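Sharing a sequence plus its predicted fold:
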Protein chains: 2
Amino acid sequence: MSSFLPTEQRLALTRRRHPAFPRGPAVLVRLVKHLHKRIHDDANTALKAFGLNHPQYNLLMMLYGTADHALHPSQLAEAAGEKAANITRLTNELCEKGLIARAASEGDRRKLVLTLTPAGLELIGQLLPSICDLLEEQTRGMSAREQAELERLLKKFLDGFDRRG
Amino acid sequence: MSSFLPTEQRLALTRRRHPAFPRGPAVLVRLVKHLHKRIHDDANTALKAFGLNHPQYNLLMMLYGTADHALHPSQLAEAAGEKAANITRLTNELCEKGLIARAASEGDRRKLVLTLTPAGLELIGQLLPSICDLLEEQTRGMSAREQAELERLLKKFLDGFDRRG
DNA sequence: GGATTTTATTTCATAAATGTAATATAGCCA
DNA sequence: TGGCTATATTACATTTATGAAATAAAATCC
């Protein structure tokens, strides 16, 4: 059946030993952890054929989703949820592959501008069909209505973290 | 407002450029990623006071949630969603702290048995109140009904990955 | 029962992520 | 303008995670 069953059993036992342990929230947290792992692993597998890993793909897609395909490193860090130090390393890798380019920022010379190169755009065009298939397949079990409801609830969940700061 | 808004805007632009890109599934995947990050960071912060990090805490709780507080390394890896190599390192750390103990397995001498020590149990008792508070707070924005519905939908989402193998 | 295959665990090399400090420029204010 | 503060980015050290090979014991097969 579900790969999550053992987790629930352990949680039940935990509650017997420590009744204050909040079952619902703990289940949600563990579900997110499990899902994240599966999503990350699946994506890495699918992207291997294109010479990318998941974080690199995410950076490319953040640029792809921006008006002029250009972002400052700090914006990219924020967009992709990566630490600044990580952005340096990952963008170095993408530069070496020729998928993005670095340029000095016109207005503020502390900043750089990262842009997708034609090769980067080309690669995105090549890999998107695989990624679309993957995303469709991963959510095949849910109706459109369920997906929308899940989206709503996940956003509410995330709001709770924003509130905490 | 929501920290997720920019993500949605980028997704909208992505769809304009590549109409086949499935918005719903992509949003779900990105929400899971954001949530996981926040959960992981919050937990690490809360656990620092107890000298633990999130993966170490997870291992302790997997043992705590098991009938006799004992698991083989391979079971622990499965339970915590960690790779075997990682389990070796993490359990070494926990052994050095005296929170768990290793023993040879009676039946199958390829295996080890990992058990919570009294000190490990004691530490869990000390940190659980903080963790319970944290979990309650993170989910405060959702009603019990919403939490239950979210749990149901996340399980359905996870089922999709189990089906893929 | 001996050879072969499978399973469990660890070791080691490597990759990925993070924190902290260093560097450089911008913006501000007197 | 000069000095102070804030921001952007990178470099370096450290931690954390992963993959692949090595080791050893069990299970299987003939």
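Nice, thanks for sending it over.

does any bit of stretch A:93-113 sit next to chain B?
No. On the criterion Cβ under 8 Å from any Cβ of the partner chain, stretch A:93-113 is out of touch with chain B, staying 15.8 Å away. Yep, even glycine has a C-beta here, placed from its N, CA and C like the rest.

ugh, wrong one, I meant stretch A:154-165
Yes. Interface with chain B: stretch A:154-165 contributes A:154-164 (Cβ under 8 Å from any Cβ).

From these, list just the buried residues.
Taking 16 or more other Cβ atoms under 10 Å in any protein chain shown as the criterion, what is buried in those is A:154-161.

which of those lies closest to residue A:59?
residue A:158 (21.2 Å; Cβ to Cβ).

Quick check: that closest one vs residue A:8, distance?
Residue A:158 sits at a distance of 23 Å from residue A:8 (criterion: Cβ to Cβ, to the nearest Å).

buried sites along stretch A:48-58?
Quick answer for stretch A:48-58 (16+ other Cβ under 10 Å): A:52, A:54-58.

and the spatially most central residue of chain A, what element?
Nearest to the mean C-alpha position of chain A, counting by Cα atoms, centre = their mean, stands residue A:58 at 6.4 Å. Assigned by DSSP states H and E, residue A:58 belongs to helix A:54-64.

With residue A:114 instead?
Assigned by DSSP H and E, residue A:114 falls within strand A:112-116.

can the helix or strand that that strand is followed by be found next to chain B?
Next along the chain after strand A:112-116, taking DSSP H and E as the criterion, comes helix A:118-138. Yes. Using Cβ under 8 Å from any Cβ, helix A:118-138 reaches chain B at A:125, A:128-129, A:132, A:135-138.

Give me the packing partners of helix A:118-138, helices and strands only.
Here helix A:118-138 touches helix A:23-48, helix A:54-64, helix B:23-48, helix B:144-164, going by 3 or more Cβ pairs under 8 Å, 6 or more residues apart in numbering or on different chains; DSSP states H and E.

Identify, out of these, the most deeply packed stretch.
Among the helices and strands packed on helix A:118-138, helix A:54-64 has the highest mean neighbour count (mean count of other Cβ atoms under 10 Å in any protein chain shown), at a mean of 22.

which strands and helices sit next to that helix?
Against helix A:54-64 (3+ Cβ pairs under 8 Å, 6+ apart) you get helix A:23-48, strand A:70-71, helix A:73-80, helix A:84-96, strand A:100-104, strand A:112-116, helix A:118-138, helix B:5-17.

so where is chain A shaky, pLDDT-wise?
A:1, A:165 (pLDDT under 70).

returning to what we had before: what's the closest of the helices and strands packed on helix A:54-64 to residue B:23?
Nearest to residue B:23 among the helices and strands packed on helix A:54-64 is helix B:5-17 (5.7 Å), distances taken as Cβ to Cβ.

Show me the contact partners of that closest one.
With Cβ atoms under 8 Å, 6 or more residues apart in numbering or on different chains as the test, helix B:5-17 has contacts from A:61-62, A:64-67, A:78-79, B:21, B:23, B:26-27, B:30, B:34.

Dump the C-alpha coordinates for it into CSV.
Output of helix B:5-17 as CSV, limited to C-alpha atoms (Å, rounded to 0.1, in the frame of the first residue of the first chain):
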residue,chain,number,x,y,z
LEU,B,5,3.6,35.3,-5.0
PRO,B,6,6.8,35.9,-7.1
THR,B,7,6.9,32.2,-7.8
GLU,B,8,3.4,32.3,-9.2
GLN,B,9,4.2,35.2,-11.4
ARG,B,10,7.2,33.5,-12.9
LEU,B,11,5.1,30.4,-13.5
ALA,B,12,2.5,32.5,-15.3
LEU,B,13,5.2,33.9,-17.6
THR,B,14,6.6,30.4,-18.1
ARG,B,15,3.3,29.2,-19.3
ARG,B,16,3.0,32.1,-21.8
ARG,B,17,6.3,31.0,-23.2
